[in-house]
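Participant: Generate a structure from the sequence data that follows.
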Amino acid sequence: MNIKTTYLYLAVTVFLNMSAIAVENFPGEAPTINRQVRNLGMGNVGVAIEGSHDSSPFYNPAGLNDLEKGRFQFLSPTFVLSKNAVDLIGDIKDLKDDLDSAASDPDKTRVFNEFVQNNSGKFRYIRFSMDVFNYVRKNFAAGLVIDERLSLSVRQAGSNPQFNLRNLGDAAFYVSGAHDFWEKLLQVGVTIRPTVRFAINEQDEIVDYSDIGDDANGDLKLTGQLENIKERRFGMGVDLGLKSNLAFSLWKDAKWYQLLKPAVGFTWQDIGSPDFGLAPSNGQTMNLGVAVHPDLWKLKNVVALDLREINEERPFLTKVHFGLESKLPWIVAVRAGVSQGYLTAGATFDLWVLKLDAAIYHEEVGVTSRTDGNLRWAAKISFNI
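Facilitator: Numbers count the residues shown, from 1 in each chain. Next up is the predicted model:
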């Protein structure tokens, strides 16, 4: 095999891997860890916008090159809830307890059927994450983040009732670096994330009648499947990011360029679809973005358009993300956007040491098609120095 054939083989292999749908039971989230409330409020854009301390390591590490000042953040939680999700953890525990206490198989079937019927057509989601600590400055970021997500959906409640259950708990240490060439005409960044995942085995995410019986030890099968969450699965996430300020000599001194401050970006995230053993893997994604940053009066503005997960076999509209942000000259920023065809909105109150972010958005719940938007509320409390 000559060198050209080898390169062709590698290129075809990478393309086929990128085209595969990594998640079968649930739609994927991008980025796969530590999605920021600020970005969610403006359509979940982030590929080409000016870099920020919060989002650059996860949306496009090349943006670290845009920063001027360093910042240390600690014990900063994020909360995300969907409709009807407040009691989700308790409902799952109650289901397990009711099945355990059922006196007979018909009783277990009745308990299971009631649970499925009560949740029919619902998609319930809870997320809690914690930026334990991080330090971010120009061209560098490092930190530790914990990100826990719990999802439950009932897509089939007929003669063969079942529900889908996913728990992903990630503890990741990340290091990011960036550098620019030719006065930011090209910016390059990389994030490396060794990650420990606690999760239900992917093969157990579909729960049906076969899971409510007893195992060989006389214990409920569902209980044993939930116990797998305690197992540690290790994976390595790597992201590559590129940006350009488009400062070509042909127009970099033009008034329109100075006003708009345009940028384009590209990211290849979770390169190689990192594997976590029997737990769900992270599907690699490729993303494109364009943005302009016009300052009007005392307002600092961002207008951005991203095409996310362009390597996935999904409807085009589910890949489109558009966002607007306007920072007032005081402590407030407001945002709006469209994510996957659904409206988003958000705001920030920045009190220097304490920062509060809030957002409302919809998340597409269709795995391979545009099905329905799941309404979610998000909030983050940041403690910064």
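Participant: Now for residue 152: which residues touch it?
Facilitator: Contact analysis of residue 152 by C-beta atoms under 8 Å, 6 or more residues apart in numbering lists 88, 92, 119, 122-125, 163-166. Heads up, the C-betas are built off the backbone N, CA and C, glycines and all.
Participant: Please repeat the previous calculation with a cut-off of 10 Å.
Facilitator: 26, 82, 84-85, 88-89, 91-92, 115, 119, 122-126, 163-167, 207 (C-beta atoms under 10 Å, 6 or more residues apart in numbering).
Participant: now those: which count as buried?
Facilitator: 26, 82, 85, 88, 91-92, 115, 119, 122-126, 163-167, 207 (16 or more other C-beta atoms under 10 Å).
Participant: and the residues you listed, which of them are in strands?
Facilitator: Using DSSP state E, the members of the buried ones among the contacts of residue 152 that fall in strands are 82, 123-126, 163-167, 207.
Participant: which among these gets closest to residue 308?
Facilitator: Taking C-beta to C-beta as the measure, residue 308 lies nearest residue 125 of these, at 18.7 Å.
Participant: Show the pLDDT at that closest one.
Facilitator: Reported pLDDT at residue 125 in the predicted model: 95.
Participant: distance of it from residue 26?
Facilitator: Distance from residue 125 to residue 26, counting by C-beta to C-beta, to the nearest Å: 10 Å.
Participant: and for those two, which residues touch both?
Facilitator: Common neighbours of residue 125 and residue 26 (C-beta under 10 Å, 6+ apart) are 149, 151-153, 166, 365.
Participant: so what's residue 70 up against?
Facilitator: 53, 135-138, 140-141, 385.
Participant: Which phi and psi values does it adopt?
Facilitator: phi -90, psi 160 (degrees, to the nearest 10).
Participant: re earlier: okay, and which of the shared contacts of residue 125 and residue 26 map to strands?
Facilitator: Those of the shared contacts of residue 125 and residue 26 lying in strands (DSSP E): 149, 151-153, 166.
Participant: Pick out the most distant pair among the residues you listed.
Facilitator: Longest span within those, C-beta to C-beta: 149 and 153, 13.1 Å.
Participant: shared neighbours of those two, anything?
Facilitator: Common neighbours of residue 149 and residue 153 (C-beta under 10 Å, 6+ apart) are 26, 125, 166.
Participant: Out of those residues, flag the one nearest to residue 371.
Facilitator: Nearest member of these to residue 371, counting by C-beta to C-beta, is residue 26, at 12.1 Å.
Participant: Can you give me every residue that contacts the spatially closest residue to residue 59 that is not a sequence neighbour?
Facilitator: Among residues not flanking residue 59 along the chain, residue 46 sits closest, at 3.1 Å (C-beta to C-beta, 6 or more residues apart in numbering). Residue 46 makes contacts with 30-31, 35-36, 38-40, 52, 54-56, 58-60, 63, 265, 267, 287, 289, 291, 304, 306, 308, 321, 323, as judged by C-beta under 10 Å, 6+ apart.
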